[in-house]
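Asks: based on what follows, work out the 3D shape:
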Amino acid sequence: MKEVIKTAVSLFLKLILVNFMCAIVVLSVSILANGLFAEEVGYTALGVKEGEEQSETLYTYRYDEGEDTKRADYEAQGYEIVEYSIKELSRKGNIISTAVAQFLTFCLLCSFVYPINWQLGTKDSNLVKFKHKEADTLKGLKIGLFAIIPAVLLLVFLFVTKDSLTSGVPTAIYKLMNSSLYGFIDIADGHAVAFGELSAWNFLALAAVQLVIPIVSFISYFLGFKNISIGEKFVYRKEKKQR
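Replies: You can find the predicted model right below:
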């Protein structure tokens, strides 16, 4: 058990690093997606009265509201209207960017979780063969479960305080803190803006998302215990095709 906890702590620290790296990936993909898929959905109207230099924000108009009825009223008051367009990511663009970001961040997550568990699995496999240790194929799962305890405790805190202390806290902060699971979290929270909007089912879904890490940890350890190297198999197939 000491080895499980020690490895889990090491994995947790690695998760902090990988989530920081994944946050950069998510933000980069978001910026790129906005440049490619953003659509103009309206404008902010700024007005300047004749003889005055200072402009002021008058109103915000969206195309889906129908005709802009406020413009004529302000022009009648002597305002010269200047439009600043409002752009938002289209639904298609949002789906594509989220999927791409999740694929990239999941690959990063696996690149950190896989080695530490695979190597431990290989080490334990040799010890078991020579009767120095008993086999425990669920060891990787246990490591992963211990590693996500802080994340689960944070979710419990957010759930208890969602109607008070954290009701207005943006869910985007939580997504960035757990960027390696960004796309899954985006589905689990129902695209809510703040934690006060989340239901108990949303929190259960968010907790379920965290299980991705123990699952990857379990598979990694199991492959190591069975001495199955995914990297070697890819290299072998590539060499076989070249021949």
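Asks: spit out the contact partners of the residue nearest to G121 when sequence neighbours are not counted.
Replies: Leaving aside its chain neighbours, G121 sits nearest to G224 (2.5 Å; criterion: Cβ to Cβ, 6 or more residues apart in numbering). Where C-beta positions appear, they are placed from N, C-alpha and C, glycine not excepted. Contact partners of G224, counting by Cβ atoms under 8 Å, 6 or more residues apart in numbering, are N117, W118, Q119, L120, G121, T122, K123, D124, S125.
Asks: quick check: the fourth one touching K139?
Replies: Yes - in this structure L120 lies within contact range of K139 using Cβ atoms under 8 Å: 7.4 Å.
Asks: identify the contacts common to those two.
Replies: Common neighbours of L120 and K139 (Cβ under 8 Å, 6+ apart) are Y221.
Asks: Y61 belongs to a helix, doesn't it?
Replies: No - using DSSP: H, G, I helix; E, B strand; the rest coil, the secondary structure at Y61 is strand, not a helix.
Asks: that one is in contact with D68, isn't it?
Replies: Yes - Y61 lies in contact with D68 (Cβ under 8 Å); the separation is 5.0 Å.
Asks: so between those two, which is more surrounded?
Replies: Y61 (19 against 16; other Cβ atoms under 10 Å).
Asks: distance of that one relative to R71?
Replies: 8 Å (Cβ to Cβ, to the nearest Å).
Asks: joint contacts of those two?
Replies: A45.
Asks: which residues touch the residue nearest to the spatial centre of the chain?
Replies: When Cα atoms, centre = their mean is applied to the chain, the residue found nearest the centroid is Y182 (1.3 Å). Contacts for Y182 (Cβ under 8 Å, 6+ apart) come out as C22, V26, T98, A101, Q102, T105, K175, L176.
Asks: give me the number of residues near the last one?
Replies: By other Cβ under 10 Å, 18 other residues sit near L176.
Asks: not counting its neighbours along the chain, what's nearest it?
Replies: Among residues not flanking L176 along the chain, A23 sits closest, at 4.9 Å (Cβ to Cβ, 6+ apart).
Asks: which residues in this structure form strands?
Replies: Per DSSP state E, the chain carries strands over the ranges 38-49, 56-62, 79-89.
Asks: could the ones you listed go into JSON lines alongside mean pLDDT?
Replies: Listed next are the strands of the chain as JSON lines, based on pLDDT from 0 to 100:
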{"stretch": "strand 38-49", "mean pLDDT": "91"}
{"stretch": "strand 56-62", "mean pLDDT": "92"}
{"stretch": "strand 79-89", "mean pLDDT": "89"}
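Asks: now that we have the ones you listed, can you turn them into TSV and tack on distance to G196?
Replies: What follows is the strands of the chain, written out as TSV (distance: least, Cβ to Cβ, whole Å):
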stretch	distance to G196
strand 38-49	25
strand 56-62	24
strand 79-89	23
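Asks: among those, which is nearest L206?
Replies: Nearest to L206 among the strands of the chain is strand 79-89 (22.7 Å), distances taken as Cβ to Cβ.
Asks: residues in contact with the closest one?
Replies: Counting by Cβ under 8 Å, 6+ apart, 33-34, 37-50, 55, 58, 60, 62, 71, 74-75, 97 sit against strand 79-89.
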